[in-house]
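K.L.:
pasted the sequence and its predicted model underneath.
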Amino acid sequence: MAASIAIHLEFGGGAELLFNGVKKHHVTLPSQSEPWDMKQLLVWIQRNLLKERPELFVQGDSVRPGILVLINDADWELMGELDYQLQDQDNVVFISTLHGG
Amino acid sequence: MAALLLFVSVSKKCVKCKEAPAALVIRAGDAYCRLCFKDFFIHKFKAVLGKNRIIFPGEKVLLAVSGGPSSCSMLRQVQEGLSQKANKKLRFVPGVAFIDEGAAIGQSVEERQRTVAELQAVFQATGFPFYILPLEQVLDLPASVVATNPSPSEQPASAYKAAVHHFVETDGSNFPRPQEPKKTLLPRVQESHTLMLQQLLGSVKTLTAREELLNTLRQHLLVHTARTEGYSKLMLGDSCTRLAVKLLTSISLGRGAQLAQDTGFSDSRYGDIILVRPMRDYSAKEVAYYNHLFTVPYVVIPSVDTKTVDKASIQRLTESFVTKLQTDFPSTVSTIYRTSEKLQTACRKRSGADGCDRCLLCLCSLDTAVEAASAFQATLISDQLSGSKCLRGSAAETPRPEPGRPESPPLTAQCCSSAEGRGCGRAGSDGGCCSSAKLPETTRLKSLLCYSCALTVRDMSTVNHLPQYILSEAQRRQRRSQMREEISDFLLDDGDEGN
């Protein structure tokens, strides 16, 4: 049984346009039996935060190519990408490196 | 499998200092820690300028900042490089130019002012002189922008070293000091101009052509500003990723002949103003990470293709293709980039020194003067067959007939008495003698354009909304070309026309 965890989300580089222009979000993920991982976080974001055009943010299981993901200021490629298990007070940043949103 | 992956990545150390934990993966597998990344980033900027030795000490350089991450990062690098405490200080005198394109995306005046105010704060913090240019100013540009200017004489490599040496000796006291930023009032834009600009962009039927046209107009405005304010170099902030996309896009758009200039480090098509791309070694990921870590301020401004679908334009499609490929094959962008470095412009010495052999819009050498059996001729013929009913149009569409060229087809124009259909141009009226007056002007213009610019113009419903400087320069060139033809029998060839 994992307790609910607080996560700080940030969107930049144009990704915030999909979230009503709001760059910083402080969210609390509800408690559940398994620990939260990035894959589940993306699903949660898509369901609860994403305001429009999901295909510009998510592609399949992962983020759309061109969106840089940083977990606690480190490249998520070094943290296991989608399999990284979130911890309380983690800081996750999504920066779009593309033109169009 | 996942556990193994986790084990490997968590224990990854920086490949450079081998001590600190890695923070970012650059290229294919090189992981750097934060401090090594910072050094690497800063060093690359100075290295690319130093290696190319094109910016002389004390020179005035205009930085084109769009507000986006790459150009703002470039601005920060220039700031850092010029600061007193930097070792191997940069030595030029910068200015900043920002083009407000709110009209192109239909922003309201308040929205535009808000964006401009945000950026103005950023520019003021740098202390450099800056220029806020509404895109509407392209409507007032002089025709000299698209006329070719003589390039500065080629400086030998030794001149650079001597200049640096001299600068260091005199302690830089002879060279112009960075000016005090003058109080720039936000320029007021006439609503009629905004409407005219929107009309121009509205006359372009495809997003691809609209983006190309915007690109061209943007460049003209920047070059003009650089000229009038006394800058001799223009720095553009295109990143490696952006240029890789641009390279593939250019090939799709028929700009293969101009690839070296469009994507290379330096671009001297404008003659006296040289375009420089110092950010071309940085991938978009590196720029984004640096901006985040070191809080480089930038402003996200929507452009004409923001939130469009992948297939909205060739540019968007290519960008989507490259970024998707990059995720699975992290060396995609660098491979394209390395290929672009090997490109060179084939120098063709043309006898026309009066600038008639350059494209009217993009100012690159015309690539349309080719032999009868080429693919280009085939497209022209199919155009003629499927296109206008006015044969006079086709006479203008063939490559500019040159003296002594046997194969330039002397198609007799049916609706105009003079053998050369452009005789109408002399009277000053545009296409007045042909009943279907719409088409001939476009086709007349096309003979002055390179292949891809001609394609862009073809996607426009009318060329009449083009800014005055383009239309008047087009008329001037046509008149000259016509005059040249008339006296061609009396001209002395200088040998390379097969005399």
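P.N.:
Everything's here; your move. Since the structure is predicted, the reported quantities are computational estimates derived from the model, not experimental observations. Residues are numbered from 1 along each chain as shown, chains lettered A, B, ... in the order given.

K.L.:
spatially central residue in chain B, please.
P.N.:
Note on chain B: the residue nearest the mean C-alpha position is B:Q219, at 5.4 Å, using Cα atoms, centre = their mean.

K.L.:
how near is it to chain A?
P.N.:
18 Å (Cβ to the nearest Cβ, to the nearest Å). For the C-beta atoms, the positions are set from N, CA and C on the backbone; glycine is no exception.

K.L.:
check B:S252 too.
P.N.:
From B:S252 across to chain A, the span is 16 Å (Cβ to the nearest Cβ).

K.L.:
that residue reaches B:I314, doesn't it?
P.N.:
Yes: judged on Cβ atoms under 8 Å, B:S252 makes contact with B:I314 at a distance of 5.1 Å.

K.L.:
so what pLDDT did the most centrally placed residue in chain A get?
P.N.:
Against the mean C-alpha coordinate of chain A, by Cα atoms, centre = their mean, the closest residue is A:L42 at 5.3 Å. You'll see A:L42 listed with a pLDDT of 92.

K.L.:
residues touching it, list them.
P.N.:
Residues in contact with A:L42 (Cβ atoms under 8 Å, 6 or more residues apart in numbering or on different chains) are A:V58, A:D61, A:S62, A:V63, A:L82.

K.L.:
any idea of the mean pLDDT for the host helix or strand of B:V287?
P.N.:
Applying DSSP states H and E as the criterion places B:V287 in helix B:284-293. Averaging pLDDT along helix B:284-293 gives 92.

K.L.:
against which helices or strands is that helix packed?
P.N.:
The helices and strands touching helix B:284-293, judged by 3 or more Cβ pairs under 8 Å, 6 or more residues apart in numbering or on different chains; DSSP states H and E, are strand A:67-71, strand A:90-96, strand B:24-26, helix B:34-52, helix B:69-82, helix B:240-252.

K.L.:
got the angle for it vs strand A:90-96?
P.N.:
Note on geometry: by axes from the mean of the first three to the mean of the last three Cα atoms, to 10 degrees, helix B:284-293 and strand A:90-96 are set 130 degrees apart in direction.

K.L.:
check the gap between A:Q32 and chain B for me.
P.N.:
With Cβ to the nearest Cβ as the criterion, A:Q32 and chain B are 19 Å apart.

K.L.:
same question for A:L18.
P.N.:
A:L18 is 8 Å from chain B, by Cβ to the nearest Cβ.

K.L.:
which one of the helices and strands packed on helix B:284-293 lies nearest to B:T306?
P.N.:
Between B:T306 and the helices and strands packed on helix B:284-293, the tightest spacing by Cβ to Cβ is seen for strand A:90-96, at 10.5 Å.

K.L.:
so which strand or helix has the residue nearest to the centre of chain A?
P.N.:
Per DSSP H and E: helix A:38-48 holds A:L42.

K.L.:
list the buried residues in that helix.
P.N.:
Residues A:M38, A:Q40, A:L41, A:L42, A:W44, A:I45 are the ones in helix A:38-48 that count as buried (16 or more other Cβ atoms under 10 Å in any protein chain shown).

K.L.:
what residues does the stretch 301-450 of chain B put near chain A?
P.N.:
Residues of the stretch 301-450 of chain B lying close to chain A (Cβ under 8 Å from any Cβ of the partner chain) are B:302-303, B:305-308, B:316, B:319-320, B:323-324, B:326-327.

K.L.:
strands of chain A, start to end?
P.N.:
A:5-12, A:24-29, A:58-59, A:62-63, A:67-71, A:74-75, A:90-96 (DSSP state E).

K.L.:
the first one and chain B, any residue contact?
P.N.:
Yes: with Cβ under 8 Å from any Cβ as the measure, strand A:5-12 is seen reaching chain B through A:G12.

K.L.:
elements contacting that strand?
P.N.:
strand A:24-29, strand A:90-96.

K.L.:
hang on, isn't A:V22 packed against A:E16?
P.N.:
Yes: between A:V22 and A:E16 there is a contact under Cβ under 8 Å: 6.4 Å.

K.L.:
neighbour-wise, which of those two wins?
P.N.:
Under the neighbour definition other Cβ atoms under 10 Å in any protein chain shown, A:V22 and A:E16 were set side by side, and A:E16 has more, 20 against 12.

K.L.:
for that one, which non-adjacent residue is closest in space?
P.N.:
A:K23 (4.8 Å; Cβ to Cβ, 6 or more residues apart in numbering or on different chains).

K.L.:
and the one you found, how far from A:G13?
P.N.:
Per Cβ to Cβ, to the nearest Å, A:K23 is found 10 Å from A:G13.

K.L.:
and the closest residue to chain A within the stretch 101-250 of chain B, what does it touch?
P.N.:
As assessed by Cβ to the nearest Cβ, chain A sits closest to B:T241 within the stretch 101-250 of chain B, at 7.0 Å. B:T241 sits next to A:T97, B:S283, B:A284, B:K285, B:V322, B:T323, B:Q326, B:V333 when contact means Cβ under 8 Å, 6+ apart.

K.L.:
extract the CA atoms of the lengthiest strand in chain B and return them as PDB.
P.N.:
Longest strand of chain B, by residue count under DSSP E: strand B:93-100. Output of strand B:93-100 as PDB, limited to C-alpha atoms (Å, rounded to 0.1, in the frame of the first residue of the first chain):
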ATOM      1  CA  VAL B  93      29.700  44.700 -30.200                       C
ATOM      2  CA  PRO B  94      26.200  43.200 -30.100                       C
ATOM      3  CA  GLY B  95      22.700  44.600 -30.700                       C
ATOM      4  CA  VAL B  96      19.400  42.700 -30.600                       C
ATOM      5  CA  ALA B  97      16.600  42.600 -33.000                       C
ATOM      6  CA  PHE B  98      13.100  41.200 -32.400                       C
ATOM      7  CA  ILE B  99      10.400  40.900 -35.000                       C
ATOM      8  CA  ASP B 100       6.900  41.100 -33.700                       C
END
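
K.L.:
got the angle for that strand vs helix B:69-82?
P.N.:
Interaxial angle of strand B:93-100 relative to helix B:69-82 (the same axes, to 10 degrees): 160 degrees.

K.L.:
B:S250: neighbour count?
P.N.:
When neighbours are counted by other Cβ under 10 Å, B:S250 registers 24.

K.L.:
before we move on, what about A:H26?
P.N.:
As a burial measure, A:H26 scores 8 neighbours (other Cβ under 10 Å).

K.L.:
which non-adjacent residue is nearest it?
P.N.:
Nearest one to A:H26, counting by Cβ to Cβ, 6+ apart, is A:H8 at 5.6 Å.
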